[in-house]
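Student: Sequence first, then the predicted structure, then my questions.
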Amino acid sequence: MTTPALIHPFSPPSKDGGAYLNLVSGEGAIVTDTDGNSYVDGMSSLWYANLGYGNEEVVAAISAQLKKIHAYHVFDPFTNDPAEQVADRIAGLAPIDNGRVFLGQSGSEAIDTALKIARAAQIRAGHPEKQLIISRTAGYHGTNYGGTSAQGIQPNREGFGDLLSHHVVVPNDDIEHMAKVFAERGNEVAAVLTEPLQGAGGVIPPPEGYLQAVRRMCDEHGAYFISDEVICGFGRLGEWFGADYYGVRPDMITFAKAVTSGYMPLSGVIVGSKVREPLEADADWILRHGYTYSGHNAACAAALACIDITEREGLLGRAKELGARLQSGLQSLVDDGLYAGLRGEGFVYALVTREDQTPADVRNAALGEGVIVRPLADSLAFCPPLVCTEAQIDKLVDALAVVG
């Protein structure tokens, strides 16, 4: 057994280095390994490669920026054009009033930023008692300490010692439980943090009217509504944001992943007027938070190219079309008794395995059929690139029929 120098995320540190699948190239929705085997990427890597692989326009935009200046920080008193431009574009797309955008590098950074901003805004508004963050079971909010403390996937919380205080996780499908927390501790609540459709926790859509009820409770108790759109944002549900899809207007939106289709790391928080006002009220107050690569020039250039391509090629509509095809195909597998159920909306689904099936084993068998899906606790996740062909969607379904 060989132990690699690289420690892999969400992997046993003792795993044999020769047991990993090494992907070395990609084009469109297809990735290829070192042995020349090709796979339809049914997961857009980790939920992010909306534009697929080898998009020359995105590569050219990054290259052009690298030739000018690859990066320079945006801490006071500096700025750069790509960061300013991408903030304007994203704020204009978001279902948030008078939004401004704080930029980072990862979804985990975005979550921790949103949680800190929520508490800072409450303090600046004269409510230092409002520190409590409410989140939901099955919610995945990254792996930094703030996001881990808000984590709704219990195994991801375990083994790291004490997490941060002032966090409450409520059952994800029980609005009455959240209402009870607000009734008992509403004066302490800084914000509610929730994915519109929960992704890594199992691809779980919200109950009918759930998000609207959360919005009302936040308004009634002076709390902020944070929509975690690290997966849903930038087209996954056929709209720019999941909040658009479900018809709610949050106070903050976190984003990452598909904003650059993974070509460069970029994330951010869109901050609405209700949160902005207390932060901007005192001209001498400084937001003492930020990251070295906040507003990274080349990453912002990648995002601008990805937004342009998504708009020009009508990929939001394409997500709806392909999502309907994928849903129909996967539902047929359930109807045939090969799998136990189906969850999801837009262009992201989870095929629930039978009791005699292990998701990881089915994933491994699917690799042998030339497709990549992701095992979750009770299911297999599908989150294909928005540039898939109909034939590639059909191959995903056909492969799961063979191994089911």
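Tutor: Structure's in. What do you need? Residues are numbered from 1 along each chain as shown.

Student: quick one, phi psi at A377?
Tutor: Main-chain torsions, A377, degrees, to the nearest 10: phi -60, psi -40.

Student: quick one, what contacts it?
Tutor: 201-202, 359 (C-beta atoms under 8 Å, 6 or more residues apart in numbering). All C-beta atoms are positioned from the backbone trio N, CA, C, and that covers glycine.

Student: Which pLDDT value belongs to it?
Tutor: Looking at A377, its pLDDT stands at 92.

Student: ok, now D97?
Tutor: The predicted local distance difference test score for D97 is 88.

Student: sorry, back to before: which of the contacts of A377 sits closest to V275?
Tutor: G201 (25.7 Å; C-beta to C-beta).

Student: State the distance from the residue nearest to the closest one when sequence neighbours are not counted to V203.
Tutor: Once flanking residues are discounted, G201 sits nearest to A138: 3.1 Å by C-beta to C-beta, 6 or more residues apart in numbering. To V203, A138 is 10 Å away according to C-beta to C-beta, to the nearest Å.

Student: residues contacting the closest residue to P375 other than its chain neighbours?
Tutor: Nearest residue to P375, sequence neighbours excluded (C-beta to C-beta, 6+ apart): P359, at 3.4 Å. The neighbourhood of P359, defined by C-beta under 8 Å, 6+ apart, consists of 353, 375-380.

Student: With G268 instead?
Tutor: 87, 90, 101-104, 110, 254-256, 259.

Student: Relative to A350, how far out is it?
Tutor: 27 Å.

Student: Give me the more crowded residue out of A138 and V203.
Tutor: More neighbours surround V203 than the other of A138 and V203, with 26 against 23 (other C-beta atoms under 10 Å).

Student: Hmm, R343 and the more buried one touching each other?
Tutor: Yes. V203 is in contact with R343 according to C-beta atoms under 8 Å; the separation is 5.1 Å.

Student: any residues in contact with both of the two?
Tutor: Common neighbours of V203 and R343 (C-beta under 8 Å, 6+ apart) are 349-350, 379.

Student: Of those, which belong to strands?
Tutor: If you go by DSSP state E, these have 349-350, 379 in strands.

Student: ok so, going back, for the buried ones among the contacts of G268, write the corresponding PyMOL selection.
Tutor: To isolate the buried ones among the contacts of G268 in PyMOL, judged by 16 or more other C-beta atoms under 10 Å, type:
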select buried, resi 87+90+101+102+103+104+110+254+255+256+259
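
Student: of all the contacts of G268, which comes closest to H289?
Tutor: Nearest member of the contacts of G268 to H289, counting by C-beta to C-beta, is F102, at 8.2 Å.

Student: tell me which residues in the helix or strand harbouring E311 are buried?
Tutor: Assessed by DSSP states H and E, E311 sits inside helix 297-312. Residues of helix 297-312 classed as buried: 297-307, 309-310 (neighbour count, 16+ other C-beta under 10 Å).

Student: Find the pair from those residues with maximum spatial separation.
Tutor: N297 and T310, at 20.7 Å, using C-beta to C-beta across the buried residues of helix 297-312.

Student: Quick one: residues contacting A350.
Tutor: Neighbours of A350 in contact, by C-beta under 8 Å, 6+ apart: 202-204, 342-344, 376, 379-382.

Student: how about the strands in the stretch 51-200 of the chain?
Tutor: With DSSP state E, counting those that start in this stretch as the criterion, the stretch 51-200 of the chain has strands at 100-104, 132-136, 167-170, 189-194.

Student: so which of those is the most packed in?
Tutor: The highest average neighbour count among those, using mean count of other C-beta atoms under 10 Å, belongs to strand 189-194 at a mean of 27.

Student: packing partners for it?
Tutor: helix 107-124, strand 132-136, helix 175-185, helix 210-221, strand 224-228 (3 or more C-beta pairs under 8 Å, 6 or more residues apart in numbering; DSSP states H and E).

Student: 7 Å instead, please
Tutor: For strand 189-194, the packing partners by 3 or more C-beta pairs under 7 Å, 6 or more residues apart in numbering; DSSP states H and E come out as helix 107-124, strand 132-136, helix 210-221, strand 224-228.

Student: now for those, which one comes closest to P95?
Tutor: Nearest of these (C-beta to C-beta): strand 224-228, 8.8 Å.
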